[in-house]
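In: task: produce atomic coordinates for the following.
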Amino acid sequence: MLLRFCRAHCSPATRLFSTVSRHTRIVAATLDSDARRLTIQNEDEKRYSLPFAYAREHALKTASKEPIRSAIRSGTVTPTKVRIVNDAAFVDWSTGEQTEIDSEWLARHFGRRESKAVSPFESLEKTYWRSDYDCHAANTVDFTDILNDDVKLLEFLKTLERYGMVVINNATSESGQLLKLAKRAGWLKSCIYGNLITVKSVQNHTNLANTNIGLELHGDLPHLAYSPEYQMFHCIEQLSGPRAGAGWYSDGFAVASYLRKEFPRDFDILSKSTVQFQYDVADYLDFNCEHWGPIIKLDRYGDIEAVFLTNSVRGDRFSHKMKSCLSDWYAAYRRFVQLAHNSRFITEVKLSPGQILVFDNLRIFHGRPEYLLKENREVRRLEVVYIDKDAVYAKARELLNFL
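Out: Numbers count the residues shown, from 1 in each chain. A predicted model of the protein is given here:
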């Protein structure tokens, strides 16, 4: 049985994981029975050392791996011979199987970002934007197209990954449209407010979102260990006037990148210091939520993974090691907040009834100016849902496999 590690048998979603633009040819391979390792060398003289168990376990792509993993436990399966043919190492196993490993497989599994393969859009470069970004003009899609056309749905998901924010037109102002969209793109993420949340202008409401009071830029629910990753706003009713009921949006990754370039010490402080986020909703719900984390979260490679800017739920406790440098932390945080609210980083978006705004809650800050509640009972009403990247990425992989 021939078990291949090659381009022809990899799905499009898998091929997108690789960030290596050029794969150098495999020129040599050796077996070390004492160390139980397979060593492969390419024409750049780079060597890859693979344990026998790893090389064989990851060979099967379609059949069950349980027999292989049973062999791993017993340690009875060993390679008997390896040879190079064209750009591949062929390994014969004591079971009679044969494995083929080519240069693309090596790049995909041992490239710099192999552990980020959770994203099917790893090959897409994010586009950071500032105040001149007009999402109405730049990135709009049709609601019906997304529901009925897989190609359009995939284009929408790619645009969302790249820019972090997309406007959807023609969803009608009928309640419940977000449930259709969330089901099409993945599945809903529930929270303490439920699944489908209504945000409606009411004076003196306990939750500031349901008032007409202005809100500074923020991300939702940082007091949860797993904050919602995507947020969707569906405009049901809107205030009249060119700016009444508009929202402010800022690309937090653009702000953090600017901070890293111009004020590296502040960036370092905010990415390494752990602070408390707490939300006590005991007034109307029996929950007290708390989570600790940095303002700027980095992945293992030092790239920006998430940003948090929610003063209303930022607690008053800090990690013990920060006690001696609180003044530096506040100075860095103040600069980050000021940059996020600077006009060069903010774009204003006003949704019309029937429009949906989808954005990355861990990247895009949102807020709004204060507006008046008129005597004619005109209101601003949105429906809101959350959805996680696990759901979106699962749908994207399926689409990439078949399109």
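
In: could I get the full set of helices for this protein?
Out: Using DSSP state H, the helices of the chain run over 12-15, 52-57, 66-74, 103-110, 135-138, 143-148, 150-163, 177-185, 252-262, 264-272, 326-340, 389-402.

In: average model confidence for the fourth one?
Out: Meaning helix 103-110. Averaging pLDDT along helix 103-110 gives 77.

In: and for the longest one?
Out: When the per-residue pLDDT values of helix 326-340 are averaged, the result is 93.

In: also the second one?
Out: For helix 52-57, the mean per-residue pLDDT is 80.

In: now do the buried residues in it.
Out: Under the neighbour-count criterion of 16 or more other Cβ atoms under 10 Å, helix 52-57 has 52-53, 55-56 buried. All C-beta spots, glycine's among them, are computed from the backbone N, C-alpha and C.

In: dump it to CSV, restricted to CA.
Out: The C-alpha trace of helix 52-57 is given here as CSV (Å, rounded to 0.1, in the frame of the first residue of the first chain):
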residue,chain,number,x,y,z
PHE,A,52,9.8,6.8,12.7
ALA,A,53,6.6,6.9,14.6
TYR,A,54,5.8,10.4,13.4
ALA,A,55,6.7,9.7,9.8
ARG,A,56,4.4,6.7,9.6
GLU,A,57,1.6,8.0,11.8
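
In: would you pull up how far it lies from the middle of the chain?
Out: Mean-position distance between helix 52-57 and its chain equals 31 Å (Cα atoms, centre = their mean, to the nearest Å).

In: counting by contacts, list what it packs against.
Out: Contacts defined by 3 or more Cβ pairs under 8 Å, 6 or more residues apart in numbering; DSSP states H and E place helix 52-57 against strand 37-42, helix 66-74, strand 79-85, strand 88-93, strand 98-102.

In: circling back: closest to Asp360 out of the helices of the chain?
Out: Proximity to Asp360 (Cβ to Cβ) singles out helix 150-163 among the helices of the chain, at 7.2 Å.

In: give the other helices and strands that that closest one contacts.
Out: Helix 150-163 sits against strand 140-142, helix 143-148, strand 165-169, helix 177-185, strand 356-360, helix 389-402, with contacts defined as 3+ Cβ pairs under 8 Å, 6+ apart.

In: out of these, deepest packed?
Out: strand 356-360 (a mean of 25; mean count of other Cβ atoms under 10 Å).

In: partner strands of it, parallel or antiparallel?
Out: If you go by DSSP bridges, strand 356-360 pairs up with strand 165-169 (antiparallel), strand 230-237 (antiparallel).

In: what's in contact with the last one?
Out: Outside strand 230-237, the residues that touch it by Cβ atoms under 8 Å, 6 or more residues apart in numbering are 160, 171, 173, 175, 177-178, 181-182, 220, 247, 351-361, 366, 378-389, 392.

In: mind putting the strands paired with strand 356-360 into TSV with distance to Phe156 and mean pLDDT?
Out: Output for the strands paired with strand 356-360, formatted as TSV (distance: least, Cβ to Cβ, whole Å; pLDDT from 0 to 100):
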stretch	distance to Phe156	mean pLDDT
strand 165-169	6	95
strand 230-237	12	95
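
In: of the ones you listed, which is nearest Arg36?
Out: Nearest of the strands paired with strand 356-360 to Arg36, taken as Cβ to Cβ: strand 230-237 at 44.4 Å.

In: find the pair from the buried residues of helix 52-57 with maximum spatial separation.
Out: Taking Cβ to Cβ, the two most distant members of these are Ala53 and Ala55; they sit 7.4 Å apart.

In: any stretches of the stretch 201-350 of the chain with poor pLDDT?
Out: 201-214, 281-285, 320, 323-324 (pLDDT under 70).

In: ok, the stretch 1-150 of the chain next?
Out: 1-23, 58-76, 111-118, 136.

In: try it again with 90
Out: Scanning the stretch 1-150 of the chain with the threshold set as pLDDT under 90 gives 1-26, 33-37, 41-80, 85-125, 132-140.

In: wait, Ala246 touches Glu370, no?
Out: No: judged on Cβ atoms under 8 Å, Ala246 makes no contact with Glu370 at a distance of 11.4 Å.

In: out of these two, which sits in the busier spot?
Out: Legend: neighbour count by other Cβ atoms under 10 Å for Ala246 and Glu370, higher for Ala246 (18 against 9).

In: of the helices and strands packed on helix 52-57, which is nearest Glu290?
Out: Among these, the nearest to Glu290 by Cβ to Cβ is helix 66-74 (39.5 Å).

In: show me the contacts for Leu153.
Out: Contacts of Leu153 by Cβ under 8 Å, 6+ apart are 146, 184-185, 395, 399.

In: next one: Ser327
Out: Contacts of Ser327 (Cβ under 8 Å, 6+ apart): none.

In: again with Cys191
Out: Contacts of Cys191 by Cβ under 8 Å, 6+ apart are 197, 221, 224, 228, 386.

In: turn the strands paired with strand 356-360 into JSON lines, including distance to Tyr193.
Out: Formatted as JSON lines, the strands paired with strand 356-360 follow (distance: least, Cβ to Cβ, whole Å):
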{"stretch": "strand 165-169", "distance to Tyr193": "22"}
{"stretch": "strand 230-237", "distance to Tyr193": "12"}
